[in-house]
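J.: how does the following fold in three dimensions:
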Amino acid sequence: MRRLLLLCLTLTLAGCGAFKAQPPLPATGSWEDYQQRVAALQQWSLDGKVGIRTADDSHSARLQWQQQPGDYRILISGPLGQGGARIDGNDQGVIIDVAGEGRFSAQSPEELLQQLLGWSFPVRQANYWVRGLPAPGLSYTPTFLENRLASLEQGGWIIHYSAYAKDGGPGLPLRIRLQRSDLTIMVVIKEWELPAASNTQTTF
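T.: I've put the predicted structure just below:
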């Protein structure tokens, strides 16, 4: 249970259960314009569901992620608000408080996963993936539909995007699935909140 909860927390993205795949909603503007607008976002928040499915187990929870210039806070809560965890991080390090387990700290989320679980996950890259962007500094293979990513292969992971917001904002992802070997991570984002200049509030 702790392994799944910590992974849910540090991934900062994913969803729960299975959902019916749908094509991304039509997007306006070019792919290059989308990359520039979304990569420039320094402040945003999302509210959704996070979950992990392995060959042996599965876990789901609510995800709330608040991003500010220089730091972030991620809240994970279980069904009916029972249990959960909080992560506070910046360039100096990360602290995770897990209900019933205690407090853990490290220089980075990746380092913390390595210490606690013996393996890691590219959390910094996932920061880009959740926004529908390839992570910088790594080669990747994309496919596109309506000027947005339909899928992305990068760093040994396959990321599928099956729905995007269709409001007047930049059209951020709403449903994402990440896969590697027998691990499947899924996300359903119910709401994105952005600064007024690029504001979008999407209830899914």
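J.: strands along this protein, start to end?
T.: Ranges of strands within the chain are 44-53, 58-68, 71-77, 84-90, 93-98, 102-106, 140-145, 148-154, 157-164, 173-180, 183-193, based on DSSP state E.
J.: farthest residue from the center of the chain?
T.: Largest separation from the mean C-alpha position in the chain: residue 100, at 24.4 Å (C-alpha atoms, centre = their mean).
J.: skip the chain neighbours and tell me the closest residue to that residue.
T.: Nearest residue to residue 100, sequence neighbours excluded (C-beta to C-beta, 6 or more residues apart in numbering): residue 83, at 6.9 Å. Every C-beta, even on glycine, is put in place using the N, C-alpha and C of the backbone.
J.: rebuild the strands of the chain as TSV, extending it with distance to residue 38.
T.: Shown next, in TSV, are the strands of the chain (distance: least, C-beta to C-beta, whole Å):
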stretch	distance to residue 38
strand 44-53	9
strand 58-68	12
strand 71-77	16
strand 84-90	21
strand 93-98	23
strand 102-106	28
strand 140-145	14
strand 148-154	10
strand 157-164	11
strand 173-180	10
strand 183-193	11
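J.: what's the closest of those to residue 126?
T.: strand 173-180 (7.9 Å; C-beta to C-beta).
J.: tilt between the closest one and strand 44-53?
T.: Here the directions of strand 173-180 and strand 44-53 differ by 40 degrees (axes from the mean of the first three to the mean of the last three C-alpha atoms, to 10 degrees).
J.: who are the packing partners of strand 173-180?
T.: Under the contact definition 3 or more C-beta pairs under 8 Å, 6 or more residues apart in numbering; DSSP states H and E, strand 173-180 sits against helix 123-129, strand 157-164, strand 183-193.
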